[in-house]
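Student: A structural model of the following input is requested.
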Amino acid sequence: MSRGRRVIGRAVPLLALSLVVALLAGCGTKVQNVDPSTEGYVSGRWNDSDARATSEELIQDCLTRPWLPEFRGGNDGADPRIVVGEIQNLTSEHISKEVFMNEIERVLTNSGAVRFVADPGIRDALLDEVLWQRDMAKGEGVAPDVERGVTGADFMLTGTITSIADQVKGNAIVYYQVDLSLTDLRNWEKVWYGSAKRKHLVEGSKIRF
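Tutor: Residues are numbered from 1 along each chain as shown. Below you'll find the predicted structure:
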(Lines give C-alpha, C1' and ligand atoms only; values in the text may rest on other atoms or scores of the structure.)
Protein backbone atom coordinates (compact mmCIF):
# COMPACT_ATOMS: atom_id res chain seq x y z
CA MET A 1 0.00 0.00 0.00
CA SER A 2 1.33 3.42 -0.90
CA ARG A 3 1.87 6.17 1.61
CA GLY A 4 -0.99 8.22 0.05
CA ARG A 5 -3.47 5.40 0.61
CA ARG A 6 -2.36 4.99 4.23
CA VAL A 7 -3.01 8.70 4.86
CA ILE A 8 -6.47 8.47 3.29
CA GLY A 9 -7.25 5.34 5.31
CA ARG A 10 -6.42 7.13 8.54
CA ALA A 11 -8.32 10.26 7.55
CA VAL A 12 -11.65 8.48 6.91
CA PRO A 13 -12.25 7.42 10.57
CA LEU A 14 -11.21 10.86 11.76
CA LEU A 15 -13.64 12.49 9.32
CA ALA A 16 -16.44 10.19 10.46
CA LEU A 17 -15.69 10.99 14.10
CA SER A 18 -15.76 14.73 13.36
CA LEU A 19 -19.16 14.38 11.67
CA VAL A 20 -20.57 12.50 14.69
CA VAL A 21 -19.27 15.14 17.10
CA ALA A 22 -20.76 17.92 14.94
CA LEU A 23 -24.13 16.16 14.84
CA LEU A 24 -24.15 15.64 18.59
CA ALA A 25 -23.22 19.27 19.16
CA GLY A 26 -26.08 20.35 16.92
CA CYS A 27 -28.57 18.23 18.90
CA GLY A 28 -27.31 19.33 22.32
CA THR A 29 -29.59 20.70 25.03
CA LYS A 30 -29.87 24.47 25.15
CA VAL A 31 -30.49 26.21 28.46
CA GLN A 32 -31.27 29.88 29.03
CA ASN A 33 -31.56 31.84 32.24
CA VAL A 34 -34.92 33.62 32.44
CA ASP A 35 -36.60 35.81 35.03
CA PRO A 36 -38.18 33.43 37.62
CA SER A 37 -41.33 35.59 37.57
CA THR A 38 -41.78 34.99 33.83
CA GLU A 39 -44.99 33.13 33.06
CA GLY A 40 -44.40 30.27 30.66
CA TYR A 41 -45.48 26.72 29.89
CA VAL A 42 -43.93 23.71 28.18
CA SER A 43 -46.44 20.91 28.80
CA GLY A 44 -49.52 22.97 29.64
CA ARG A 45 -49.80 21.47 33.12
CA TRP A 46 -50.05 23.43 36.37
CA ASN A 47 -46.73 25.05 37.25
CA ASP A 48 -45.12 27.73 39.41
CA SER A 49 -46.82 30.54 37.44
CA ASP A 50 -50.23 29.22 38.49
CA ALA A 51 -49.11 28.75 42.11
CA ARG A 52 -47.80 32.31 42.28
CA ALA A 53 -50.81 33.94 40.58
CA THR A 54 -53.49 32.11 42.56
CA SER A 55 -51.79 32.54 45.92
CA GLU A 56 -51.41 36.29 45.41
CA GLU A 57 -55.02 36.65 44.24
CA LEU A 58 -56.45 34.64 47.11
CA ILE A 59 -54.40 36.11 49.95
CA GLN A 60 -55.02 39.66 48.76
CA ASP A 61 -58.75 38.92 48.81
CA CYS A 62 -58.50 37.26 52.22
CA LEU A 63 -56.79 40.25 53.82
CA THR A 64 -59.47 42.71 52.62
CA ARG A 65 -62.40 40.87 54.24
CA PRO A 66 -64.24 41.82 57.49
CA TRP A 67 -62.70 39.07 59.64
CA LEU A 68 -59.38 40.95 59.89
CA PRO A 69 -60.63 44.29 61.32
CA GLU A 70 -63.08 42.35 63.53
CA PHE A 71 -60.22 40.33 65.04
CA ARG A 72 -58.09 43.41 65.60
CA GLY A 73 -61.02 45.24 67.16
CA GLY A 74 -61.49 42.48 69.71
CA ASN A 75 -57.79 42.05 70.45
CA ASP A 76 -56.50 45.57 71.09
CA GLY A 77 -55.37 46.01 67.50
CA ALA A 78 -53.13 42.92 67.49
CA ASP A 79 -52.43 41.16 64.19
CA PRO A 80 -53.80 37.60 63.94
CA ARG A 81 -51.51 34.57 63.87
CA ILE A 82 -52.09 32.22 60.91
CA VAL A 83 -50.81 28.73 60.18
CA VAL A 84 -51.08 27.07 56.76
CA GLY A 85 -52.62 23.61 57.07
CA GLU A 86 -53.29 20.91 54.50
CA ILE A 87 -53.67 21.85 50.83
CA GLN A 88 -55.20 18.84 49.05
CA ASN A 89 -54.35 18.08 45.42
CA LEU A 90 -57.54 16.60 43.93
CA THR A 91 -56.36 16.80 40.33
CA SER A 92 -55.02 13.93 38.22
CA GLU A 93 -51.65 15.70 37.96
CA HIS A 94 -48.63 15.61 40.20
CA ILE A 95 -48.68 19.08 41.72
CA SER A 96 -46.07 20.15 44.24
CA LYS A 97 -48.17 21.28 47.19
CA GLU A 98 -45.01 22.53 48.87
CA VAL A 99 -44.42 25.10 46.11
CA PHE A 100 -47.99 26.36 46.41
CA MET A 101 -47.89 26.45 50.22
CA ASN A 102 -44.58 28.32 50.12
CA GLU A 103 -46.14 30.92 47.82
CA ILE A 104 -49.05 31.34 50.24
CA GLU A 105 -46.69 31.71 53.17
CA ARG A 106 -44.60 34.24 51.25
CA VAL A 107 -47.59 36.45 50.45
CA LEU A 108 -48.97 36.18 53.99
CA THR A 109 -45.67 37.02 55.64
CA ASN A 110 -44.77 39.86 53.30
CA SER A 111 -48.21 41.47 53.63
CA GLY A 112 -47.34 42.69 57.14
CA ALA A 113 -51.04 42.35 58.01
CA VAL A 114 -50.76 39.05 59.89
CA ARG A 115 -48.24 37.05 61.87
CA PHE A 116 -47.24 33.72 60.46
CA VAL A 117 -46.92 30.57 62.57
CA ALA A 118 -44.63 27.74 61.43
CA ASP A 119 -46.34 24.82 59.74
CA PRO A 120 -46.50 21.35 61.37
CA GLY A 121 -43.64 20.04 59.24
CA ILE A 122 -40.99 22.00 61.14
CA ARG A 123 -42.59 22.24 64.59
CA ASP A 124 -40.63 19.27 65.95
CA ALA A 125 -37.35 20.99 65.07
CA LEU A 126 -38.56 24.25 66.62
CA LEU A 127 -39.67 22.47 69.79
CA ASP A 128 -36.26 20.80 70.10
CA GLU A 129 -34.65 24.24 69.85
CA VAL A 130 -36.98 25.68 72.52
CA LEU A 131 -36.23 22.79 74.90
CA TRP A 132 -32.50 23.20 74.30
CA GLN A 133 -32.71 26.93 75.01
CA ARG A 134 -34.62 26.27 78.23
CA ASP A 135 -31.86 23.97 79.39
CA MET A 136 -29.28 26.60 78.46
CA ALA A 137 -31.25 29.29 80.29
CA LYS A 138 -30.89 27.35 83.54
CA GLY A 139 -27.14 27.85 83.26
CA GLU A 140 -27.62 31.46 82.09
CA GLY A 141 -26.46 30.49 78.60
CA VAL A 142 -29.36 32.32 76.93
CA ALA A 143 -31.86 34.99 77.93
CA PRO A 144 -34.33 33.73 80.56
CA ASP A 145 -37.42 34.97 78.72
CA VAL A 146 -37.39 31.75 76.65
CA GLU A 147 -39.56 30.36 79.47
CA ARG A 148 -42.43 32.50 78.20
CA GLY A 149 -43.15 29.68 75.76
CA VAL A 150 -44.48 29.48 72.22
CA THR A 151 -47.62 31.27 71.07
CA GLY A 152 -50.08 29.27 68.97
CA ALA A 153 -52.11 30.26 65.91
CA ASP A 154 -55.48 32.01 65.90
CA PHE A 155 -56.50 30.84 62.42
CA MET A 156 -55.70 27.94 60.09
CA LEU A 157 -55.71 28.20 56.30
CA THR A 158 -56.67 25.03 54.38
CA GLY A 159 -57.74 24.28 50.83
CA THR A 160 -57.98 22.16 47.70
CA ILE A 161 -56.76 22.22 44.10
CA THR A 162 -59.14 20.64 41.56
CA SER A 163 -59.18 20.43 37.76
CA ILE A 164 -61.44 19.56 34.83
CA ALA A 165 -60.00 18.66 31.40
CA ASP A 166 -61.78 18.67 28.05
CA GLN A 167 -59.46 16.96 25.54
CA VAL A 168 -59.66 15.79 21.93
CA LYS A 169 -56.50 14.19 20.52
CA GLY A 170 -53.69 16.69 21.11
CA ASN A 171 -55.87 19.69 21.99
CA ALA A 172 -57.20 20.36 25.48
CA ILE A 173 -58.76 22.96 27.72
CA VAL A 174 -57.76 22.42 31.34
CA TYR A 175 -59.65 24.30 34.05
CA TYR A 176 -58.11 24.63 37.50
CA GLN A 177 -59.81 25.88 40.65
CA VAL A 178 -58.13 26.63 43.98
CA ASP A 179 -60.38 26.94 47.02
CA LEU A 180 -59.03 28.21 50.34
CA SER A 181 -60.78 28.76 53.65
CA LEU A 182 -59.72 30.39 56.91
CA THR A 183 -60.96 28.81 60.15
CA ASP A 184 -60.96 30.41 63.60
CA LEU A 185 -59.23 27.88 65.86
CA ARG A 186 -60.99 29.23 68.95
CA ASN A 187 -64.48 28.26 67.78
CA TRP A 188 -63.94 26.42 64.45
CA GLU A 189 -65.89 29.08 62.57
CA LYS A 190 -64.97 29.69 58.93
CA VAL A 191 -64.32 33.41 58.64
CA TRP A 192 -63.28 33.53 54.98
CA TYR A 193 -63.66 31.44 51.83
CA GLY A 194 -61.97 32.26 48.54
CA SER A 195 -61.69 30.76 45.09
CA ALA A 196 -59.23 31.40 42.23
CA LYS A 197 -59.42 29.96 38.72
CA ARG A 198 -56.96 29.30 35.91
CA LYS A 199 -57.66 27.95 32.40
CA HIS A 200 -55.05 26.49 30.04
CA LEU A 201 -55.62 26.12 26.30
CA VAL A 202 -53.21 23.43 25.12
CA GLU A 203 -52.65 22.70 21.43
CA GLY A 204 -50.72 19.82 19.86
CA SER A 205 -49.84 18.15 23.17
CA LYS A 206 -48.94 14.46 23.47
CA ILE A 207 -49.76 14.54 27.19
CA ARG A 208 -53.00 13.07 28.44
CA PHE A 209 -54.67 15.41 30.94
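Student: can you verify my assumption that Glu189 contacts Met156?
Tutor: No: with contact defined as Cβ atoms under 8 Å, Glu189 does not count as touching Met156 (11.6 Å). All C-beta spots, glycine's among them, are computed from the backbone N, C-alpha and C.
Student: overlap in contacts of those two?
Tutor: Thr183 (Cβ atoms under 8 Å, 6 or more residues apart in numbering).
Student: which of the two has more neighbours?
Tutor: Comparing Glu189 with Met156 by other Cβ atoms under 10 Å, the one with more neighbours is Met156, at 17 against 11.
Student: wait, isn't the more buried one in contact with Gly85?
Tutor: Yes: with contact defined as Cβ under 8 Å, Met156 counts as touching Gly85 (4.6 Å).
Student: number of residues surrounding Ser181?
Tutor: 17.
Student: report the contact partners of it.
Tutor: So Ser181 contacts Leu157, Thr158, Gly159, Lys190, Trp192, Tyr193, Gly194 (Cβ under 8 Å, 6+ apart).
Student: need the buried ones from the residues you listed selected in ChimeraX.
Tutor: Here is the ChimeraX command that picks out the buried ones among the contacts of Ser181, judged by 16 or more other Cβ atoms under 10 Å:
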select :157,158,159,192,194
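Student: now intersect the contacts of Ser181 with the strands, please.
Tutor: Using DSSP state E, the members of those that fall within strands are Leu157, Thr158, Gly159, Lys190, Trp192, Tyr193, Gly194.
Student: name the nearest of these relative to Ile95.
Tutor: Gly159 (12.3 Å; Cβ to Cβ).
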